[in-house]
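In: task: produce atomic coordinates for the following.
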Amino acid sequence: MVNTSWLYTFCTLVEVGHFTRTAERLHMTQSGVSQHVRKLEEQLGVELLVRDGKKFSVSYAGEKLYAEGQGILSALSGLEEKVQEDRPFEGLVRVMSPGSVGLKLYGNLLALQSEYPKLVIDYRFAPNSEVEAAIAESRVDIGFMTSESSLPEVLCQPIAEESLLLVTPASVAQPDWHNLMGLGFIDHPDGRHHANLLLAPNFPQFQHCDQFPISGFSNQIGLILEPVSRGLGFTVLPVYAVEAFLKRDRIRVHQLPTPVSETLYLCGRREKGFQKRMQTVITEARRWLEN
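Out: The predicted model follows:
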C-alpha cells in the first residue's frame, strides 16, 4: 500500500516544481522531500522523476501516479471531514419501539422531520425482544423498550412511565368480574402480560388470563380496540395505544383502584453513544413521553 505521506509530498513537488519551495510549503527539509520521493520509487519499482542536476522533469510513470494520487488524496481529505461531521438536524435516525410507544411518537417525529427535512426518520414497530436484538446488532440507533435488556451491550435508562388501562365497550359503566367474564378477552401480542400486571392487583378472582373466554385477537396495535368498540370484548392496553384510537366514544376506559404502569426505557448500543442527530430525536421523544 502506498504511503500517503510520501504520495502527498510527491504530488506537492509536481505542483510546485521545485524541491526547496516544496520543502518550505510542507515544513520539511529538502532532503526529507527527496527521501519521500526515493522511497516511493523504491516501493513502486519505477522512476518517478527524470533528474538533470538540480533540475527534474516528471516521468511518464510519475505523471500517471500524480493523476491517480490526486484523487486518492482528495478522497482522504474529505474522509476526515465526513468522519468528524456530526450535524444535529441532518442524517438518518433509525428508531424502533413497541407499537403503543410508536403510536405516540411517530407522528410527532414526522413533524420534527417536516421542520428539518434533512433529518430522516426510519421508525419500526416491534416487540421488546426484537428491539433488543436490533440494538445489539446495530440495526437501529435508538430503541424504546418496556423492560430492561439482559444483554451487556445494550444500555437502558428509564425515560417515562406508561399506564396500563382496562378498556371495555362504552356500554359498560362499571366493570366487575361478572361483566368481564361475560364479555371475553380481546387478546394481542402483549395482552396476557398486560392483563396479568393490571388485573391481578385489582380483581381477587384473577389468577391467569385463561380464565376468560377469548373473544378475538389482533396483532395490529391500531386495530386492537376495534372489536372492543363493537361490544365484542374487553382488553388491557398501554395508554398511548388507547389515546391513538379514533372511536373514543365507543369505548370506556376504567380507572381501577390500584393503578399499574410500565417503565419505558431509552436504549442504545452501550459503546456507541448517541450522535447529535439522535440526541435531537431523543429530546423530541422525551418532550412527548413526559407529557
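In: check the secondary structure at Ala160 for me.
Out: Judged by DSSP: H, G, I helix; E, B strand; the rest coil, the three-state class of Ala160 is strand.
In: so it sits right up against Arg287, yeah?
Out: No. Using C-beta atoms under 8 Å, Ala160 is not in contact with Arg287, being 10.7 Å away. To be clear about C-beta, it is placed using only N, CA and C from the backbone, and glycine gets the same treatment.
In: out of the two, which sits in the more crowded spot?
Out: Higher neighbour count among Ala160 and Arg287: Ala160, with 20 against 11, using other C-beta atoms under 10 Å.
In: once you drop chain neighbours, what's closest to that one?
Out: Nearest residue to Ala160 in three dimensions, chain neighbours excluded: Leu289, at 4.0 Å (C-beta to C-beta, 6 or more residues apart in numbering).
In: the one you found reaches Leu105, doesn't it?
Out: Yes. Contact criterion C-beta under 8 Å: Leu289 and Leu105 qualify, at 7.3 Å.
In: now do the strands in the stretch 1-150 of the chain.
Out: Ranges of strands within the stretch 1-150 of the chain are 49-52, 55-58, 91-97, 119-125, 142-145, based on DSSP state E, counting those that start in this stretch.
In: dump the ones you listed to TSV, plus mean neighbour count, distance to Gly182 and mean pLDDT.
Out: Below are the strands of the stretch 1-150 of the chain laid out as TSV (neighbours: other C-beta atoms under 10 Å; distance: least, C-beta to C-beta, whole Å; pLDDT from 0 to 100):
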stretch	mean neighbour count	distance to Gly182	mean pLDDT
strand 49-52	13	95	88
strand 55-58	14	93	90
strand 91-97	21	34	95
strand 119-125	16	32	95
strand 142-145	26	35	96
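In: quick one: least confident helix or strand in this structure?
Out: Lowest by mean pLDDT, DSSP states H and E among the helices and strands of the chain is helix 60-84, with a mean of 79.
In: go through that one and flag the buried ones.
Out: Within helix 60-84, the residues scored as buried using 16 or more other C-beta atoms under 10 Å are Gly62, Leu65, Tyr66, Gly69.
In: just to revisit the earlier point, pipe the strands of the stretch 1-150 of the chain into JSON lines and attach distance to Asp176 per row.
Out: Formatted as JSON lines, those follow (distance: least, C-beta to C-beta, whole Å):
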{"stretch": "strand 49-52", "distance to Asp176": "96"}
{"stretch": "strand 55-58", "distance to Asp176": "94"}
{"stretch": "strand 91-97", "distance to Asp176": "34"}
{"stretch": "strand 119-125", "distance to Asp176": "34"}
{"stretch": "strand 142-145", "distance to Asp176": "34"}
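In: need the outlier residue of this protein, farthest from its centre.
Out: Here the centre of the chain is the reference, and by C-alpha atoms, centre = their mean the most remote residue is Gly53, at 61.6 Å.
In: what's that residue sitting at in phi/psi?
Out: Main-chain torsions, Gly53, degrees, to the nearest 10: phi 70, psi -130.
In: measure it to Phe19 for me?
Out: For Gly53, the distance to Phe19 equals 12 Å [C-beta to C-beta, to the nearest Å].
In: which other helices and strands contact the least confident helix or strand of the chain?
Out: helix 4-16, helix 30-44 (3 or more C-beta pairs under 8 Å, 6 or more residues apart in numbering; DSSP states H and E).
In: quick one: which of those is nearest His194?
Out: Ranking these by proximity to His194 (C-beta to C-beta) places helix 4-16 first, at 58.3 Å.
In: okay, the angle between the closest one and helix 30-44?
Out: For helix 4-16 against helix 30-44, the angle by axes from the mean of the first three to the mean of the last three C-alpha atoms, to 10 degrees is 110 degrees.
In: for the most centrally placed residue in the chain, what are phi and psi?
Out: Centroid-nearest residue in the chain, with C-alpha atoms, centre = their mean: Asp141, separated by 2.3 Å. Note on Asp141: its backbone torsions stand at phi -90, psi -40 [degrees, to the nearest 10].
In: surely it is in contact with Gln279?
Out: No. Assessed by C-beta under 8 Å, Asp141 is found out of contact with Gln279, at 10.6 Å.
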